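Peer 1: here is a sequence with its predicted model. Questions after.
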Amino acid sequence: MANGIGRMVKILLKTFAAVLIVLVSFSSALAYKADKPSVSLENVKILVLDQNFKTIPGKEERLKLLDRQAGDLIVGFTDYRGVIEIWRGKRGLYLVNELPLEDYVEGVVKAETAEEWAEEALKAQAVIVRTYVLKHMLQRREGRYHVTSTVLHQVYRGLNSDPKVTKAVRETVGEVLTYEGKPIMAFYHSTGGGRTEVPEEVFGRGYPYLQSVEASGKLSPLTVWARRIPVEDISKATDTENLTDIKIISHTSTGRAKELALISNPGEVKLKAADFRKMLGWRRLPSTNFTLKVEGNYALFEGSGYGHGVGLCQWTALEMAREGMGYKEILSYFYPGALLEPHENIGF
């Protein structure tokens, strides 16, 4: 055991010399065999992505398991508890944290909400977090990991320390949203900015339980926003030379920008607004619900909302909870037709 821990620490420190990594509280009684990944649906496996671990393994990339231990691992001041796996591939090292489902749900609810969140909004968040990850666990039963720790899936920053979050998760333990006996695609976002978006416009397909509904998100700091972005930055982000103008050429059914035209001296390139936002950075351009104009060397964006806009709007859910609505009512509003039931009913 000691040799295994020492080997893992040396590998990590050699590759990420600037990262604070502390290993504590390892127990030999909790050690796992390291010959292959587990396939249990009771535990979630998270690929940790942060400023130190930035890479996602390629689909065909061969990985070698260097070590698998149970305990605590502090990486960059974030505490990961459970089973820690270190994998090595052509692109570098990969860190996977495996832990019980409900512990993971607590960690995500804590990361996805704020201190002032109302109890019923926390419960609604717990149900959709659990539903979302179970859907991915079913899809990736034998994968090296089920989800990442970032907005590519759900934000996970290690252990939860908020008793309000623990209470909300425990009071909804095992509850998931289903449609025709299967977990739904429980998409959610920060701020609707007026209405939620239909999934066809973002993900290319629709779901009966995901319809556009009113979602002001008026409590959110990003209900209304403006961004002034240098044209040069946009040119680099989109790999468009001599960019002179940007225009919205179509809108979605809910009024969001759907397709843009990037105009340059060589010609014109059409680009989906969702792809454009991803290229610039999700934080830099909060949503595709914007108008724009180019003035000189800058593009001026005025918009509302934050996120892709599909499914539950977190700030509207908070507003509804403060007005006295229960978590079941909130979930029914954003996912009409979905059923709330114990996950044991869907084959776990």
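Peer 2: Arrived safely.

Peer 1: quick check: next helix or strand after the helix or strand bottoming out on mean pLDDT in the chain?
Peer 2: Among the helices and strands of the chain, strand 21-24 carries the lowest confidence by mean pLDDT, DSSP states H and E, at a mean of 39. As assigned by DSSP states H and E, the chain's next helix or strand after strand 21-24 is strand 43-47.

Peer 1: check which residues of that next one are buried.
Peer 2: Neighbour-count burial for strand 43-47, counted by 16 or more other CB atoms under 10 Å, picks out 43-47. C-beta coordinates here come from the backbone N, C-alpha and C atoms, glycine included.

Peer 1: residue 332: which of those residues is nearest?
Peer 2: Proximity of those to residue 332 (CB to CB) peaks at residue 44, which lies at 26.1 Å.

Peer 1: so how far is residue 235 from the closest residue to that closest one other than its chain neighbours?
Peer 2: Computed as CB to CB, 6 or more residues apart in numbering, the closest residue to residue 44 that is not its neighbour in sequence is residue 104, at 4.2 Å. Residue 104 is 40 Å from residue 235, where distance means CB to CB, to the nearest Å.

Peer 1: the two: which has the busier surroundings?
Peer 2: A direct count of neighbours by other CB atoms under 10 Å for residue 104 and residue 235 places residue 104 higher, at 26 against 16.

Peer 1: tell me which element that one falls in.
Peer 2: Element membership of residue 104 [criterion: DSSP H and E] is helix 101-112.

Peer 1: residues making contact with that helix?
Peer 2: The contact list for helix 101-112, computed with CB atoms under 8 Å, 6 or more residues apart in numbering, reads 42-44, 46, 81-82, 122, 125-126, 129-130, 133-134, 154-162, 165-166, 168-170, 173, 314.

Peer 1: hmm, 7 Å instead?
Peer 2: Helix 101-112 is contacted by residues 42-44, 46, 122, 125-126, 129-130, 133, 154-160, 162, 165-166, 168-169, 173 when judged by CB atoms under 7 Å, 6 or more residues apart in numbering.

Peer 1: in strands, which of those residues appear?
Peer 2: Among those, the members falling in strands are 43-44, 46 (criterion: DSSP state E).

Peer 1: residue 68: which of those is nearest?
Peer 2: For the ones in strands among the contacts of helix 101-112, the nearest to residue 68 is residue 43 (12.6 Å; CB to CB).

Peer 1: contacting residues around the closest one?
Peer 2: Per CB under 7 Å, 6+ apart, neighbours of residue 43: 98-101.

Peer 1: residues near residue 51, how many?
Peer 2: Residue 51, neighbours per other CB under 10 Å, totals 9.

Peer 1: what kind of secondary structure is it in?
Peer 2: The three-state label given to residue 51 by DSSP: H, G, I helix; E, B strand; the rest coil is coil.

Peer 1: which helix is the longest one in this structure?
Peer 2: If you go by DSSP state H, the chain has its longest helix at helix 119-139.

Peer 1: distance from the chain centre to the helix or strand following that one, please.
Peer 2: Note on helix 119-139: by DSSP H and E, the next helix or strand toward the C-terminus is strand 147-148. Computed by CA atoms, centre = their mean, to the nearest Å, the chain-centroid distance of strand 147-148 equals 8 Å.

Peer 1: what is strand 147-148 packed up against?
Peer 2: strand 43-47 (3 or more CB pairs under 7 Å, 6 or more residues apart in numbering; DSSP states H and E).

Peer 1: contacts only, for residue 177.
Peer 2: By CB under 7 Å, 6+ apart, residue 177 lies in contact with 127-128, 131, 183-184, 186, 331, 335, 338-340.

Peer 1: need these in JSON lines (columns: secondary structure, distance to residue 226 and pLDDT).
Peer 2: Listed next are the contacts of residue 177 as JSON lines, based on DSSP: H, G, I helix; E, B strand; the rest coil; distance: CB to CB, whole Å; pLDDT from 0 to 100:
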{"residue": "127", "secondary structure": "helix", "distance to residue 226": "34", "pLDDT": "98"}
{"residue": "128", "secondary structure": "helix", "distance to residue 226": "30", "pLDDT": "98"}
{"residue": "131", "secondary structure": "helix", "distance to residue 226": "35", "pLDDT": "97"}
{"residue": "183", "secondary structure": "strand", "distance to residue 226": "38", "pLDDT": "95"}
{"residue": "184", "secondary structure": "coil", "distance to residue 226": "35", "pLDDT": "96"}
{"residue": "186", "secondary structure": "coil", "distance to residue 226": "31", "pLDDT": "97"}
{"residue": "331", "secondary structure": "helix", "distance to residue 226": "33", "pLDDT": "98"}
{"residue": "335", "secondary structure": "coil", "distance to residue 226": "32", "pLDDT": "98"}
{"residue": "338", "secondary structure": "coil", "distance to residue 226": "36", "pLDDT": "97"}
{"residue": "339", "secondary structure": "strand", "distance to residue 226": "41", "pLDDT": "96"}
{"residue": "340", "secondary structure": "strand", "distance to residue 226": "39", "pLDDT": "96"}
